[in-house]
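**Q** coordinates for the following, if possible.
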Amino acid sequence: MKEKVKAIQERIKQLAKDDSEIPVRSFFTHFAELSNEDYVQETLEKIIEKRPNVTAEHLAYLLYISHQYVTNFDYDVPVEKSKIESDLRKYSDEIIKLCQTKNISTNVIERYALLQIVTKMLDRPVVVIDLGTSIGLGLMALNTDSFSHIDIDKELLPYVQQKAEIKKAIGIDLQKPDLKWQLACCFPDKKEDRPVLEKTYKKLQKEGTKIKFVQGSALELDKLDLPKADVIWTSNFFYEIEGDIEKVKRDIRYLLKEKGIWVDGDYRHAEGKAYGITENPYLAKVRRKEDWDTTLEVLESSIDWVRDIKPGKDFEKFKKKCK
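**A** Presented below is the predicted three-dimensional model:
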């Protein structure tokens, strides 16, 4: 326990130097100065006791977001150390609970344009499961005009402009949909996105693809009452798995119907290469149940915010397999 607390303290100290946003860096600077206080040590220990596998970096940012959540965004600007000390004491129980149960999550609707295209390429009625759905925003965006602003290669446009036949859409996440938490996950440099996110969420709840939400852990997919799926979608997903990642992948394969596919939105992860460059673009990587060990790079974007999409190097190969 003490080693884990120490690792978190060290990471917070480093983030106090490295984080690019002044309000966030200020928070970590003051929190690092407070981190040896008994009540802070006790707070960290209570969180870790419930969540022993959380990474130091994930927990550090969970602490920041939790403070934003309980104070209604007071930490959009740098604050005094006394403010953090006061809030940590005043909201201690709530902050501990949030850090024990919540995950940092983003709602980049544009990533789901990749899912839209691949799903339409299958050209059949499908059951779609979204692992790590957050508040379900991206899943609800399927078959809507939410992707119209993306620069999409003309060969791919028909797959976006025509609706996919979705029989059932199921979103799975550890945490119940909590719009305020998602707004808190928009850091100060993206705070202008908060009203847009809120407006979009409320619109898609009324007009978007209807989804069923299932609260549960990706580590226990075999214990959830889920139907077999034609498509399982993940995006930027495995960074936050606190457990056996290989079991998650085995369970994904088991959940797929015959001819089912797993679509994973993620970077290529070229060793030693930065993200979002020619050697390491953001991809829709597809595995088919029947040839699981083969990964096809079907679609490609220059960055994980997905403002452009073009065919990946295996697009034609996958297209032939869909026939």
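**Q** all contacts plus neighbour counts: C-alpha atoms, from now on.
**A** OK.
**Q** does residue 144 touch residue 210 like I think?
**A** No: counting by CA atoms under 8 Å, residue 144 does not reach residue 210; the two are 11.4 Å apart.
**Q** from residue 313, how far off is residue 196?
**A** 34 Å (CA to CA, to the nearest Å).
**Q** cool, residue 71 as well?
**A** Residue 71 is 47 Å from residue 313, by CA to CA.
**Q** quick one, what contacts the nearest residue to residue 227 once chain neighbours are set aside?
**A** Leaving out its chain neighbours, the residue that sits closest to residue 227 by CA to CA, 6 or more residues apart in numbering is residue 255, at 7.5 Å. Listed by CA atoms under 8 Å, 6 or more residues apart in numbering, the contact set of residue 255 reads 226, 227, 228, 229.
**Q** now the two most distant members of these.
**A** 226 and 229 (8.5 Å; CA to CA).
**Q** quick one: which of these two has more around it?
**A** residue 229 (24 against 13; other CA atoms under 10 Å).
**Q** shouldn't the more buried one be in contact with residue 258?
**A** No: contact between residue 229 and residue 258 fails when scored by CA under 8 Å: they sit 9.1 Å apart.
**Q** residue 4 and residue 240, how far apart?
**A** For residue 4 relative to residue 240 (CA to CA), the value is 17 Å.
**Q** got it, and residue 2?
**A** 22 Å.
**Q** more crowded one of the two?
**A** residue 240 (16 against 10).
**Q** for the more buried one, give me its contacts.
**A** Per CA under 8 Å, 6+ apart, neighbours of residue 240: 58, 103.
**Q** just residue 235 next, same as before
**A** Contacts of residue 235 (CA under 8 Å, 6+ apart): 111, 132, 264, 265, 266.
**Q** neighbours of the first one, just the number please.
**A** Residues near residue 111, counting by other CA under 10 Å, number 25.
**Q** now swap in the one 5 residues further on and tell me
**A** Neighbour count of residue 116, defined by other CA under 10 Å: 23.
**Q** what's the answer for residue 89, then?
**A** Residue 89, neighbours per other CA under 10 Å, totals 14.
**Q** how about it, secondary structure?
**A** helix (DSSP: H, G, I helix; E, B strand; the rest coil).
**Q** what's the spacing between it and residue 151?
**A** 48 Å.
**Q** now residue 126
**A** Taken as CA to CA, the span from residue 126 to residue 151 is 26 Å.
**Q** neighbour count: those two, which is higher?
**A** It is residue 126, of residue 126 and residue 151, that has more neighbours when counted by other CA under 10 Å, with 19 against 14.
**Q** check contacts around the more buried one.
**A** 119, 165, 166, 167, 168, 229, 230, 231.
**Q** residue ranges for the strands of the stretch 51-200 of the chain, please.
**A** Under the criterion DSSP state E, counting those that start in this stretch, strands of the stretch 51-200 of the chain are mapped to 126-131, 151-152, 166-173.
**Q** who's sitting farthest from the centroid in the chain?
**A** residue 38 (33.3 Å; CA atoms, centre = their mean).
**Q** for this structure, which helix or strand comes out least confident on mean pLDDT?
**A** helix 2-18 (a mean of 91; mean pLDDT, DSSP states H and E).
**Q** which of the residues in that one are buried?
**A** Buried positions in helix 2-18, judged by neighbour count with 16 or more other CA atoms under 10 Å: 4, 5, 6, 8, 9, 10, 11, 12, 13, 14, 15, 16.
**Q** quick one: which of the residues you listed is nearest residue 308?
**A** Ranked by distance to residue 308 (CA to CA), the buried residues of helix 2-18 are led by residue 15 at 31.1 Å.
**Q** for the stretch 101-250 of the chain, which segments count as helices?
**A** 112-122, 137-140, 157-161, 179-184, 193-207, 245-255 (DSSP state H, counting those that start in this stretch).
**Q** many thanks, we can stop here.
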